[in-house]
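> Only the shape, not the letters, is given here:
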């Protein structure tokens, strides 16, 4: 597990053009064999979105001005809608949401506390990068879900997250203060390791996975998208 | 102002049947003359609902178990919808929400900090009692708004607040621990004074109001509804 994270982290710190080219050619990776059982999938995704909602609520509480507070409330509402949509899917299958989410609370609570950040800007970057990466990941996994639930979940998670406000505030702060940019670049690189660990935890345990290398291109895609988010903020991934 | 609060507080601590009878006979009080200008009204109500959302988000963060967290997230979503609905009304009239809410942040932030409570149960009671009373109050005031905005706002604020979860948890805790009940009864009595002060601040300043006594029956109604909420929890108002 440790070595897996190390490999990812190295890749993120020094993305090579060849990796990006590789991503283009591997868009159609069949991830179906890696999709977990439906209820655990829904439970983990639902609890993740609840955590995103809690993160955004904290960002609202410590926002420096009312306009930011107001704009963040829309993003918090989107995360909450995703959570509630996933909870509705759990209920539709006769699951009790709190029971279905329970196995994932310890891991995701730890993730949240380790990525909470020391201030408002770090927290915004966490919401933007971890939210973006794991939404992408859960959408990717949804392709392997049975019946019509996959497309429905992909649609739910793929909706505009209302995160423009995060980008706007981060860009403005980075432009005004280059030292903050270099600090946040470091934070962004740290985040990706923890976030990919959450993604990995959603997959069957290594012993049960016949061909771990088949999942590699999916991580490559996720990291490429992460790098684009960092680039868009003017941060070096 | 002080004497006004004192009068209210006494009434709440010793509600007399005659007061309730009086309430029945004064249901049709014309409140139109007391309704503030449209944008300030929307700004104060919108910022109040944002504060309720923040309170409920904090209740989620400190909830003792996942089922409570999950149920509270629905209530938080309702408060957020009310906030967003009011913000939409502000935008529809060309107002900038953060500017329109700005005059009310200091007062409502102070109110929130004074009613935040020392623990989860106090916070739940604040959400239930202050949210209930001020939703009622803003609905009442909406009757005096111009055009079709009044009924629309009344509908928005009158929607189920999803607060059954608050009642369920408070009742269970009070039943299990009578000492908590007497403590929370005290907290509920304290809350009503601060909450009515917020309501009073939404009205034109005393000097501008020709006949303050005309608003009395509205307070009587609000307090009667508050007393019913306390009764429903098994608390003596």
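Happy to help now that I have it. No experiment lies behind these values; they were computed from the predicted model shown.
> other SSEs contacting the helix ranked longest in chain A?
Determined from DSSP state H, the single longest helix within chain A is helix A:66-92. The contact analysis (3 or more CB pairs under 8 Å, 6 or more residues apart in numbering or on different chains; DSSP states H and E) places helix A:66-92 against helix A:38-61, helix A:97-101, helix A:120-142, helix A:149-158, helix A:164-176, helix B:38-61, helix B:66-92, helix B:97-101. From N, CA and C alone the C-beta is placed, and that goes for glycine too.
> mean confidence for the second one?
To tie it back to what came earlier, the one meant is helix A:97-101. The average pLDDT for helix A:97-101 rounds to 96.
> Go ahead and name everything in contact with that helix.
In this structure, residues lying in contact with helix A:97-101 by CB atoms under 8 Å, 6 or more residues apart in numbering or on different chains are A:39-40, A:42-44, A:46-47, A:50, A:87, A:90-91, B:65-67, B:69-70.
> Buried ones only from the residues you listed, please, as a PyMOL command.
To isolate the buried members of these in PyMOL, using 16 or more other CB atoms under 10 Å in any protein chain shown:
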select buried, (chain A and resi 39+42+43+44+46+47+50+87+90) or (chain B and resi 66+67+69+70)
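> Pick the one among the contacts of helix A:97-101 closest to residue B:121.
residue B:65 (13.9 Å; CB to CB).
> Can you name the residues that contact the closest one?
Contacts here follow CB under 8 Å, 6+ apart; on that basis residue B:65 touches residue A:98.
> Read off the pLDDT value for residue A:33.
Residue A:33 is given a pLDDT of 70.
> In chain A, which residue sits nearest chain B?
Nearest residue of chain A to chain B: residue A:57, at 3.6 Å (CB to the nearest CB).
> okay, now the nearest residue to that residue once chain neighbours are set aside: neighbour count?
In this structure, residue A:57 finds its nearest non-sequential neighbour in residue B:57, 3.6 Å apart by CB to CB, 6 or more residues apart in numbering or on different chains. When neighbours are defined as other CB atoms under 10 Å in any protein chain shown, residue B:57 has 23 of them.
> thinking again about what came up before, among the helices and strands packed on helix A:66-92, which comes closest to residue B:200?
Going by CB to CB, the one of the helices and strands packed on helix A:66-92 nearest residue B:200 is helix B:38-61, 11.8 Å.
> so what does that closest one touch, helix or strand wise?
Contacts defined by 3+ CB pairs under 8 Å, 6+ apart place helix B:38-61 against helix A:38-61, helix A:66-92, helix B:66-92, helix B:97-101, helix B:105-114, helix B:120-142, helix B:149-158.
> Looking at those helices, which is nearest to residue A:186?
Minimum separation from residue A:186 across the helices and strands packed on helix B:38-61 (CB to CB) falls at helix A:38-61, 19.4 Å.
> got any ranges where chain A has weak pLDDT?
Across chain A, the ranges flagged by pLDDT under 70 are A:1-32, A:205-212.
> gap between the residue nearest the centre of it and residue A:194?
Most central in chain A under CA atoms, centre = their mean is residue A:134, positioned 2.3 Å from the mean C-alpha point. Between residue A:134 and residue A:194 the computed distance is 11 Å (CB to CB, to the nearest Å).
> if we can go back for a sec, output the helices and strands packed on helix B:38-61 as a markdown table; include the columns distance to residue A:184.
As requested, those are arranged in a markdown table below (distance: least, CB to CB, whole Å):
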| stretch | distance to residue A:184 |
| --- | --- |
| helix A:38-61 | 15 |
| helix A:66-92 | 17 |
| helix B:66-92 | 28 |
| helix B:97-101 | 25 |
| helix B:105-114 | 28 |
| helix B:120-142 | 33 |
| helix B:149-158 | 39 |
